[in-house]
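Visitor: Structure here, sequence nowhere to be found:
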């Protein structure tokens with residue numbers, strides 16, 4: 001009975017120290033977000049308060065007369081047009097020239113037309129922002145494809161999205177264009193994700209803001225894991241965790257002083273490395289699962305909360321279908337089991353420590369997903385352009 005009470009007290013003390021560490025880290029996160037948010041507000045408001053008045057051209061006599069009878073109507077809201085371009089087999093097509101044509105604004109010669117050009121991106125997407133309301137025509141031209149045109153009438157403030165624009169192969173022409181493979185598309189998308197930084201310095205690699213991102217190859221999964229554990233921010237945050245644990249005398253078997261801190265630091269970093277490589281690279285490669293969080297950004301607040309929480313135990317497979325996150329769950333258990341090899345004997349508690357670390361990992365993943373879905377994106381730099389109509 002006495003032995004059971006002693007183990008319960010050690011377990012409770014261990015949980016308390018871990019929760020205190022999590023509380024301090026969350027407080028640091030929230031403080032950093034609030035400080036940055038207030039600075040952003042100050043920067044956006046100050047130019048408005050000190051802006052110099054702009055010169056306004058003098059109205060004509062006719063306009064001056066009409067302005068005395070009625071107020072000028074509000075300027076119509078700008079709209080946008082976007083879409084995804086596919087080939088006849090459903091593959092994404094890059095470098096297609098897209099031309100937007102619209103009648104010239106009032107004052108131009110009769111029949112005058114304004115044109116804007118862009119090229120489809122690596123994942124076949126294109127976007128025209130700040131489009132004037134009214135009739136429009138889109139022209140699509142690409143090597144080896146027959147020209148295609150689409151037209152319509154755009155309303156003020158409308159975000160018009162063409163979900164699938166299928167091009168046909170041109171007749172009597174040999175298609176010699178070398179298109180990007182799925183692996184090459186994934187490589188380009190990972191290059192973008194590796195530049196994502198929260199507040200300009202916190203890495204945000206494991207988040208995809210592209211809803212239909214190409215699946216990662218095993219090499220890319222290990223590449224993301226290596227960049228995560230070798231990042232300077234990872235070393236810094238590990239040092240903070242070790243410091244909080246030492247202040248609370250967590251894992252008392254390590255002792256105090258420099259030696260105790262070094263042991264806590266090494267254990268915390270070992271937890272991160274084993275969890276990242278096993279749950280984020282090795283098992284996802286073997287089970288063909290994607291370790292990233294896919295930002296939703298649409299729907300009701302309730303649906304987005306449920307989505308973020310579910311993503312702590314659910315993941316997207318390399319086949320694009322949602323499935324239980326065996327990689328993350330088993331990876332957490334494996335990392336917890338390995339931790340029994342280097343934690344002090346009196347603090348291991350056998351299977352209890354293994355499941356404890358796994359549950360802490362799931363809870364931390366759920367909390368992190370909520371932050372990613374509702375907060376982190378607005379503070380992340382180098383985020384790829386988002387489809388119109390999304391917040």
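Guide: Noted; the coordinates are in hand. This one's a predicted model, so the numbers in the text were calculated from it and none came from an experiment.

Visitor: going forward, measure contacts and count neighbours with C-alpha atoms only.
Guide: OK.

Visitor: Does residue 101 fall in a helix, a strand, or a coil region?
Guide: The three-state assignment at residue 101 reads strand, by DSSP: H, G, I helix; E, B strand; the rest coil.

Visitor: Quick check: bridge partners of it?
Guide: Under DSSP bridges, the beta-bridge partners of residue 101 are residue 115, residue 137.

Visitor: can you tell me how far it sits from residue 254?
Guide: Using C-alpha to C-alpha, to the nearest Å, residue 101 is found at 71 Å from residue 254.

Visitor: next one: residue 204
Guide: Applying C-alpha to C-alpha, the value for residue 204 to residue 254 is 32 Å.

Visitor: can you tell me the helix or strand for residue 117?
Guide: For residue 117, the element it lies in under DSSP states H and E is strand 113-119.

Visitor: Same check on residue 246?
Guide: Assigned by DSSP H and E, residue 246 belongs to helix 232-247.

Visitor: How far off centre is the helix or strand that comes right after that helix?
Guide: Using DSSP H and E, the helix or strand that follows helix 232-247 towards the C-terminus is helix 257-277. The offset between the C-alpha centroid of helix 257-277 and the centroid of the whole chain comes to 28 Å, using C-alpha atoms, centre = their mean, to the nearest Å.

Visitor: So which other helices or strands are in contact with helix 257-277?
Guide: Judged by 3 or more C-alpha pairs under 8 Å, 6 or more residues apart in numbering; DSSP states H and E, helix 257-277 is in contact with helix 218-229, helix 232-247, helix 326-339.

Visitor: wait, isn't residue 329 in contact with residue 279?
Guide: Yes - checked against C-alpha atoms under 8 Å, the pair residue 329 and residue 279 is within contact range at 7.5 Å.

Visitor: who's more crowded, the two?
Guide: The neighbour comparison of residue 329 against residue 279 (other C-alpha atoms under 10 Å) goes to residue 279, with 25 against 20.

Visitor: What residues sit buried inside stretch 301-313?
Guide: Neighbour-count burial for stretch 301-313 flags 304, 307, 308, 309, 311, 312, 313 (criterion: 16 or more other C-alpha atoms under 10 Å).

Visitor: Confirm that the second one sits in a helix.
Guide: It stands for residue 307. Yes - counting by three-state DSSP, residue 307 is found in a helix.

Visitor: Next, work out how far apart it and residue 277 are.
Guide: 25 Å.

Visitor: From residue 324, how far off is the closest residue to residue 279 other than its chain neighbours?
Guide: What sits nearest to residue 279 in space, not counting adjacent residues and going by C-alpha to C-alpha, 6 or more residues apart in numbering, is residue 331, at 4.0 Å. Residue 331 is 13 Å from residue 324, where distance means C-alpha to C-alpha.

Visitor: And residue 104, by the same measure?
Guide: Separation of residue 104 from residue 324 (C-alpha to C-alpha) stands at 54 Å.

Visitor: All the helices of this protein, in order from the start?
Guide: Remark: helices assigned in the chain by DSSP state H are 2-49, 61-69, 182-193, 218-229, 232-247, 257-277, 283-287, 301-310, 326-339, 351-374.

Visitor: For the last one, buried residues please.
Guide: Along helix 351-374, the positions that meet the burial threshold by neighbour count (16+ other C-alpha under 10 Å) are 353-362, 365-366, 368-370, 372-374.

Visitor: swap in stretch 150-164?
Guide: Buried positions in stretch 150-164, judged by neighbour count with 16+ other C-alpha under 10 Å: 154, 155, 156, 158, 159, 160, 161.

Visitor: Strands - which of those residues land there?
Guide: Using DSSP state E, 154, 159, 160, 161 are the members of those that sit in strands.

Visitor: How about the contacts made by residue 129?
Guide: Listed by C-alpha atoms under 8 Å, 6 or more residues apart in numbering, the contact set of residue 129 reads 78, 79, 80, 81.

Visitor: residues in contact with the last one?
Guide: Right, the one you point to is residue 81. 127, 128, 129, 131, 159, 160, 161, 162, 388.

Visitor: Show the pLDDT at the third one.
Guide: What the model reports as pLDDT for residue 129 is 88.

Visitor: Among the buried residues of stretch 150-164, which one sits closest to residue 273?
Guide: Closest approach to residue 273 among the buried residues of stretch 150-164 (C-alpha to C-alpha): residue 161, at 42.0 Å.

Visitor: Low-confidence stretches in the stretch 151-300 of the chain?
Guide: Scanning the stretch 151-300 of the chain for pLDDT under 70 picks out 172-179.

Visitor: correct me, but residue 192 touches residue 382?
Guide: Yes - counting by C-alpha under 8 Å, residue 192 does reach residue 382; the two are 7.4 Å apart.

Visitor: picking that back up, out of the buried residues of stretch 301-313, which comes closest to residue 185?
Guide: Nearest to residue 185 out of those is residue 311 (C-alpha to C-alpha; 24.0 Å).

Visitor: quick revisit: make a ChimeraX selection of the buried ones in the contacts of residue 129.
Guide: Only the buried entries of the contacts of residue 129 go into this ChimeraX selection, using 16+ other C-alpha under 10 Å:
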select :78,79,80,81
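
Visitor: Confidence-wise, which of the contacts of residue 129 comes last?
Guide: residue 78 (77).

Visitor: Done for today, thanks.
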